[in-house]
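Peer 1: Predicted model and sequence follow; I will ask about them next.
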Amino acid sequence: GGGGGTQTATTTPKVGLITKTETNPFFVKMKEGAQKSAQANGLELMSAAGKFDGDNASQITAIENMVAAGVKGILITPSDTKAIVPAIKKARDAGVLVIALDTPTDPQDATDALFATDNFKAGELIGQYAKAAMAGKPAKIATLDLAPGVTVGQLRHDGFLKGFGVPAGDPSVVCSQDTQGDQSKGQTAMENCLQKAPDINLVYTINEPAAMGAYTALKAKGREKDVLIVSVDGGCTGVKAVQSGQIAATSQQYPLKMAEDGVKAVADFAKTGKKASGYTDTGVTLITDKSVTGVEAKDTAFGLANCWG
Amino acid sequence: MAVMEATLPRRLITTPVAGPTIALVLASLFFALNSPQFLTGSNFSLIIQQVMVVGTLAIGQTLIILTAGIDLACGAIMAFGGIVMTKLAVDSGLPPLLAVAAGLAVCAGFGLVNGLLVMKISLPPFIVTLGMLNVVFALTHIYSNEQTITDLPPLLTFLGQTFQIGQTNVTYGSLLTILLFLLFAYLLGSTAWGRHVYALGNSPEVARLTGIRTRRLTVGVYTLAGLVYGIAALLLVSRTGVGDPQAGQTDNLDSITAVVLGGTSLFGGRGLVIGTLVGALIVGVFRNGLQLMGVPSIYQTLITGVLVILAVAVDQLSRRRNR
Amino acid sequence: MAVMEATLPRRLITTPVAGPTIALVLASLFFALNSPQFLTGSNFSLIIQQVMVVGTLAIGQTLIILTAGIDLACGAIMAFGGIVMTKLAVDSGLPPLLAVAAGLAVCAGFGLVNGLLVMKISLPPFIVTLGMLNVVFALTHIYSNEQTITDLPPLLTFLGQTFQIGQTNVTYGSLLTILLFLLFAYLLGSTAWGRHVYALGNSPEVARLTGIRTRRLTVGVYTLAGLVYGIAALLLVSRTGVGDPQAGQTDNLDSITAVVLGGTSLFGGRGLVIGTLVGALIVGVFRNGLQLMGVPSIYQTLITGVLVILAVAVDQLSRRRNR
Amino acid sequence: MTTPVLQARNLVKRYGHVTALDGADFDLMPGEVLAVIGDNGAGKTSLIKALTGALEPDSGEIILDGKPVRFRSPIDARRHGIETVYQDLAVAASLDIATNMFLGREVRKPGILGSVFRMLDKKHMREESAKHMASLKIGLRSLTQPVESLSGGQRQGVAVARAVAWATHVVVMDEPTAALGVKESGQVLDMIRRVRDGGTPVVLISHNMPHVFEIADRIHVQRLGRRVAQIKPGDHSMAEVVAIMTGALQVSEGKAVVADKGAAEAIGLS
Amino acid sequence: MTTPVLQARNLVKRYGHVTALDGADFDLMPGEVLAVIGDNGAGKTSLIKALTGALEPDSGEIILDGKPVRFRSPIDARRHGIETVYQDLAVAASLDIATNMFLGREVRKPGILGSVFRMLDKKHMREESAKHMASLKIGLRSLTQPVESLSGGQRQGVAVARAVAWATHVVVMDEPTAALGVKESGQVLDMIRRVRDGGTPVVLISHNMPHVFEIADRIHVQRLGRRVAQIKPGDHSMAEVVAIMTGALQVSEGKAVVADKGAAEAIGLS
Ligand SMILES: Nc1ncnc2c1ncn2[C@@H]1O[C@H](COP(=O)(O)OP(=O)(O)OP(=O)(O)O)[C@@H](O)[C@H]1O
Ligand SMILES: Nc1ncnc2c1ncn2[C@@H]1O[C@H](COP(=O)(O)OP(=O)(O)OP(=O)(O)O)[C@@H](O)[C@H]1O
Ligand SMILES: O[C@@H]1[C@@H](O)[C@@H](O)CO[C@H]1O
Ligand SMILES: [Mg+2]
Ligand SMILES: [Mg+2]
């Protein structure tokens, strides 16, 4: 090991991108952004991904292989925020710049830098929005969560509750189910939640596919008009759903920016040897066409102009 | 010499579906006592909607398992079929009917490839479909470019529409699933083709020597199973209203679970497709019932696991006693 | 009567490991020509590190497959073992050695349960381990409370440390994996126990009548496999430096893939554990080589699938010709 | 001269290094019981598999009623009225007796139910099976029980009954009595006689010389993949026939000639 | 009076509704070849399985050299020097001949290699196997080829050779010649004779009456799960023995008595 980064003098410098999965538009966009940016900055992009969300082993293998291939820097969306840390350390010890995208490692300073959405804030925004939009109506909440043990999911969930102003375990949350961020699982979860508590009137969803699943289930019950769905992501499909009123509001994040900034930072490192550091908030914007007072938001025209996927 | 028919009660005990059915009834009773929402028409309609995709996959899986095969790729094939239908209809602007036909054909095509590999080179079905699982999974993601396809034409979501029976909304998809089960129960139970499938599962060589065209039959079974996966794809698309490249990943094993819970032997030649319906319903009832009772999802996984072992164990033990 | 030994060249052709080994060599040659970083000591050391977890799991899997069984739960058992070791050592403050022992014991315990279910109630291994997969997966998440466990004591990560051979850093874990393969090659090839495992895989009834204690042997094989999964858990923990409840989810099928690529028959009684090492290396070499060449991972999945089918097909066809 | 019912000329079948059939000839005359005997591995099963479409020979000719035919599968042979009870491979275990009797030639319901819906006429098949079983005096408790629940003898009975029921031209049986007791064997031999008396010739492979001498009209001796002799049981003693089979004697122009002196002496000939 | 080597009294074994053994007795005398005959399903296999530890009878007693024993597994019986060739279940297909010969009683290397490392002495086992095969005149190309590549006759030869090699007390064979040709059958009968001449008694189950009459010193007739007669081949004709087996004749005080007149007439007796 060691010194992998030194044998690339003759070829174009390489940058690696490791995403959680290869089966999610969010990461596809991220990869596309990285590809463009790599070209613009004269880098060669290598990419890899886990086989499922939470697949730490594959990400470790990818880091090792990229170091062996002599990359200058690695951009990673950690599947397991703690479990990836030792492998990142090895890569950094080998002189490779490592930047986390989308999801912080735990501890955050295990990487040189972080370009990410503030996921807690993303949840908080839709929580605040929901609070205002409910206008004092007693809430019966369903939360359609991600999967056990994935921090982005936990952060958004917690942020939502904080923004809505209820503690964890509050009786107003009448139903919670994991959806893996998958549309059909989201639908099944919502159907069963409705069966359990037919008077649900607010649905928090981890992402927009889950939100669309919830919407489909509500529509089948004729409830789509009087239940508020809030979500996170801001993918183009999701923003369109906000535009058509299927989703009330979503927190938009900016994977393209994460990727572009990340590649740029690696390019700088390759040229100047200067390492990026610290946390760069790539921003999160609440998108809705039915804005409420007290919560800052942009409309779907803005959302569509800035969406991904 | 007197030829007697087995008496009805005896046949009921020896039929492999008795055990699963009793389990289903007991589980339903349990949930009915523990959750007021369980025993309603709308909830049952829901359960059927929730199991119809896996249930339909499991029809194809049953066919293959009856021939002593196994299909680890059925969910992946379905996912690909769903993408083909929706992408052709939406992105390529093909007439919806054609798009659906293309999706069905692609699924049947994968079934055909599986069948040919099993038959021509006599590879173990486990390995063929293990390889296919990877191949089709990758193709789905490459072809879809990870994009979920939305804004489907009505034809693709028609099966998700409902009609009323009494007070209860039932989807056309649920109806289609039930009809498919009946159709295959008929084909397996009352036609020569069905007999040949069982004979093949008992022993390919005996079947061949008896004059059954086993090679054609094998390829036919896999292809037909593929076609059924295509129908499952349509059901999935119409249920979710989108073409989703991520779909079906757990359905490969879930469909096997349904078949096994339904009392069909993994060694081939023994079992009933109606058992598979019961097996799928058992899983659906547990998942729904536990959720209504507020049990976290991870416990549903736990209980499904225990159930699989228990169901087969009880079946095995009761058979031993009956000998 | 003259007793002749099969000549060496003939044995080389008939040994089931010949095909996989040739495939491994060809693949390595291909990547060496296409990527300058491939053919280095450090890269090989890396590949071994990357396959050691699945490879070790696949040792246990080989044992079980040789008895005509299959284990769909090995990765899940390993994940649970890893959580037990790390959680006991970190959260409960047990002495590391004890924590490791407990993890190994728990894995062996699951193996024992599998074995007892297979043996006592003669359930098909496929079903037992399919159920166990769900059960152990759920238990892992419940017990770990979804928390990744970090800050491990040195003993738990010792196997991740390296030592030098020439210019190349090799981890103690890699060494342990190689030693395990050699150990099991010895046990299967040169002890009575090994012979009995093969005999059991050929026909349990013949083995029993020959005076082999097949029930004890079956339970023993599953338990030993569980213990090996425990070692895989320790390797995993020391490689990743954490206890990860999400680990191992694809390893169940990946380990079977390694065994199959290594030329062992899924029907039991035929195969070599060294073949499994070759099988695991084939997957590792492809993943590493394609990555070095910059091929996206989804194509790695595609190629793995094709490879599985191809390897077994070539094997099958060459055997047919040799007949 | 009468035309043989079924003939083969110069059949060759190789499995890798092993030559199972090495230019085998075969002649079955109308209305006879022809026994095929030979050592293990002499190619008896391979020969009759080739004659009944279960394997395709590498070369050679098969002639049915004087006309060359080619059987690509067992179905082809069945279409010509040739029915076979294969060694060890008789019945489908989990299916019932009636289903086994009609496997591969199921009868559909009359009318639209049968033609369009392809529905089986289970009742008819059950009744027919019962008749056949009764006519062969095979006692069974129920025709709806799976054959795996039958004893070996009963199972063999089902296989033989099926062959006899369907054969219009030739019945071939590969060691049908190997696993059977004396009584059951006797029943099968009786069936064979009845079939022959009904005009259908029978080919019987057997290692049981007393059976062969009891029932065969002619004996085909197979050795090392070829027919080495065709004899009448009356013309030779059992010991001579065995000697021919093992190569100790050779037959030329219908007369036995000592080929292997030591061997012949050992078995008490010469 | 000499003590029987192996005895059974009143063995009962039921499988659900089926009674395989219904109070069976059994006596094997020193140095004899005892044939066990009976119809299919008469309980012959069940009887010898009970005698060799392969199944545990529901009730009844087994007596070895005058002392009651209980065999809980085939190993128990083997420890007492009882070796068995089971019907259809002889060898492990993918293992080689030497391995099969020594399966379950492998020989380890001498010294620490064997005691600590449990290493097998393959060379020794191969040589021993070769000796045994040679002494039974079983010709084989290689002892390292898997037995699945052998012909049925050769495979049976391996199974018989194994039993003979290890038996110190009793050899039991369940239809060892059922699938064998005349020559191979002859070889097995020769082996049986040689074993008997070496002083080890042999129990032989067979449906082949000529074989039985050729080789047996005594015949145990099994019927409906019981021993219905013990006879000497010389005292009765083959037809009489068959009649006893099928229940047409009964034996009382050593003399045959007609039980079923019609049946007896049908087979040409009385
Ligand atoms: N499918 C096969 N593959 C390889 N070799 C075969 C196959 N079938 C038969 N053989 C070989 O061909 C030769 C002839 O076999 P065949 O079964 O025709 O003999 P047989 O006379 O019927 O013997 P038996 O009396 O034991 O039934 C044997 O050497 C056998 O091993
Ligand atoms: N494992 C079993 N389960 C159920 N029934 C059995 C079992 N083994 C034997 N039987 C039944 O017990 C009876 C006696 O069988 P057994 O095999 O001892 O007879 P046999 O005299 O050896 O017959 P054959 O001459 O056909 O070998 C038969 O009716 C048989 O069906
Ligand atoms: O939608 C989320 C994304 O925001 C990213 O965090 C990865 O997981 C997906 O489910
Ligand atoms: Mg034969
Ligand atoms: Mg028997």
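Peer 2: Ah, there it is. Quantities reported herein were computed from a predicted structural model and do not represent experimental measurements. Ligands and ions are numbered 1, 2, ... in the order given.
Peer 1: how about residue 81, what does it touch?
Peer 2: In the absence of a named chain, chain A is used. For residue A:81, the contact set (CB atoms under 8 Å, 6 or more residues apart in numbering or on different chains) comprises A:103, A:104, A:105, A:106, A:151, C:148. Every residue, glycine included, has its C-beta placed from N, CA and C.
Peer 1: my question was about chain D
Peer 2: By CB under 8 Å, 6+ apart, the contact set of residue D:81 is D:166, D:167, D:168, D:169, D:170.
Peer 1: Quick check: closest non-adjacent residue to the third one.
Peer 2: Spelled out, it's residue D:168. Counting by CB to CB, 6 or more residues apart in numbering or on different chains, residue D:81 is the residue found nearest to residue D:168 once chain neighbours are left out, at 3.5 Å.
Peer 1: Need phi/psi at that neighbour.
Peer 2: Main-chain dihedrals, residue D:81, degrees, to the nearest 10: phi 80, psi 20.
Peer 1: and what of residue B:264?
Peer 2: As for residue B:264, its main-chain torsions (degrees, to the nearest 10) stand at phi -80, psi 140.
Peer 1: For the stretch 151-300 of chain B, just list every one of the strands.
Peer 2: Applying DSSP state E, counting those that start in this stretch to the stretch 151-300 of chain B gives strands spanning B:162-165, B:168-171.
Peer 1: residue ranges of the strands in the stretch 151-270 of chain D, please?
Peer 2: Assigned by DSSP E, counting those that start in this stretch, the stretch 151-270 of chain D shows strands spanning D:170-174, D:202-205, D:218-223, D:226-231, D:249-252, D:255-258.
Peer 1: cool, the stretch 1-150 of chain D as well?
Peer 2: With DSSP E, counting those that start in this stretch as the criterion, the stretch 1-150 of chain D has strands at D:6-15, D:18-28, D:33-37, D:59-64, D:67-69, D:82-85.
Peer 1: Make TSV from those and add mean neighbour count, distance to chain A and mean pLDDT to it.
Peer 2: Compiled in TSV, these are given as follows (neighbours: other CB atoms under 10 Å in any protein chain shown; distance: least, CB to the nearest CB, whole Å; pLDDT from 0 to 100):
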stretch	mean neighbour count	distance to chain A	mean pLDDT
strand D:6-15	18	44	95
strand D:18-28	20	47	94
strand D:33-37	25	60	96
strand D:59-64	17	53	96
strand D:67-69	11	57	95
strand D:82-85	26	52	93
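Peer 1: if I look at the residue lying closest to residue D:138 once chain neighbours are set aside, how far off is ligand 1?
Peer 2: Spatial nearest neighbour of residue D:138, excluding adjacent residues (CB to CB, 6+ apart): residue D:157 at 4.3 Å. Taking CB to the nearest ligand atom, to the nearest Å as the measure, residue D:157 falls 21 Å from ligand 1.
Peer 1: among the strands of the stretch 151-300 of chain B, which is the most enclosed?
Peer 2: Highest mean neighbour count of the strands of the stretch 151-300 of chain B: strand B:168-171, a mean of 19 (counted as mean count of other CB atoms under 10 Å in any protein chain shown).
Peer 1: which residues touch the closest residue to residue A:13 other than its chain neighbours?
Peer 2: Nearest residue to residue A:13 in three dimensions, chain neighbours excluded: residue A:270, at 4.3 Å (CB to CB, 6+ apart). Taking CB under 8 Å, 6+ apart as the contact definition, residue A:270 lies against A:13, A:43, A:72, A:73.
Peer 1: circling back: now the strands of the stretch 151-300 of chain B as JSON lines including mean pLDDT?
Peer 2: Output for the strands of the stretch 151-300 of chain B, formatted as JSON lines (pLDDT from 0 to 100):
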{"stretch": "strand B:162-165", "mean pLDDT": "88"}
{"stretch": "strand B:168-171", "mean pLDDT": "88"}
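Peer 1: could these be laid out in JSON lines, adding distance to residue B:24?
Peer 2: Output for those, formatted as JSON lines (distance: least, CB to CB, whole Å):
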{"stretch": "strand B:162-165", "distance to residue B:24": "21"}
{"stretch": "strand B:168-171", "distance to residue B:24": "19"}
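Peer 1: What sits closest to the spatially most central residue of chain A if chain neighbours are left out?
Peer 2: Centroid check for chain A by CA atoms, centre = their mean gives residue A:102 as the closest residue, at 5.6 Å. The shortest distance from residue A:102 to any non-neighbouring residue, by CB to CB, 6+ apart, is to residue A:77 (4.3 Å).
Peer 1: got a list of what the one you found touches?
Peer 2: A:18, A:19, A:20, A:27, A:30, A:100, A:101, A:102, A:103.
Peer 1: same thing with residue B:33?
Peer 2: Per CB under 8 Å, 6+ apart, neighbours of residue B:33: none.
Peer 1: Just want the phi and psi numbers for it.
Peer 2: Torsion angles, degrees, to the nearest 10, at residue B:33: phi -70, psi -30.
Peer 1: what pLDDT does it get?
Peer 2: Per-residue pLDDT puts residue B:33 at 93.
Peer 1: Which stretches in the stretch 151-300 of chain A count as strands?
Peer 2: Taking DSSP E, counting those that start in this stretch, the strands of the stretch 151-300 of chain A run over residues A:173-178, A:202-205, A:228-233, A:249-252, A:278-281, A:285-287.
Peer 1: helices or strands next to the second one in the packing?
Peer 2: Packed against strand A:202-205 by the contact rule (3 or more CB pairs under 8 Å, 6 or more residues apart in numbering or on different chains; DSSP states H and E) you find helix A:119-134, strand A:141-145, helix A:208-220, strand A:228-233.
Peer 1: Parallel or antiparallel, list what pairs with the shortest one.
Peer 2: Going back to what we said before, that points to strand A:141-145. If you go by DSSP bridges, strand A:141-145 pairs up with strand A:173-178 (parallel), strand A:202-205 (parallel).
Peer 1: returning to that earlier point: okay if I get the strands of the stretch 151-270 of chain D as TSV plus distance to residue C:84 and mean neighbour count?
Peer 2: Output for these, formatted as TSV (distance: least, CB to CB, whole Å; neighbours: other CB atoms under 10 Å in any protein chain shown):
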stretch	distance to residue C:84	mean neighbour count
strand D:170-174	59	26
strand D:202-205	63	26
strand D:218-223	66	22
strand D:226-231	69	19
strand D:249-252	76	18
strand D:255-258	80	14
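Peer 1: can the contacts of residue A:81 go into JSON lines with extra columns for pLDDT and distance to residue B:35?
Peer 2: Supplementary listing: the contacts of residue A:81 in JSON lines, determined by pLDDT from 0 to 100; distance: CB to CB, whole Å:
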{"residue": "A:103", "pLDDT": "89", "distance to residue B:35": "37"}
{"residue": "A:104", "pLDDT": "88", "distance to residue B:35": "40"}
{"residue": "A:105", "pLDDT": "89", "distance to residue B:35": "42"}
{"residue": "A:106", "pLDDT": "84", "distance to residue B:35": "39"}
{"residue": "A:151", "pLDDT": "77", "distance to residue B:35": "33"}
{"residue": "C:148", "pLDDT": "85", "distance to residue B:35": "35"}
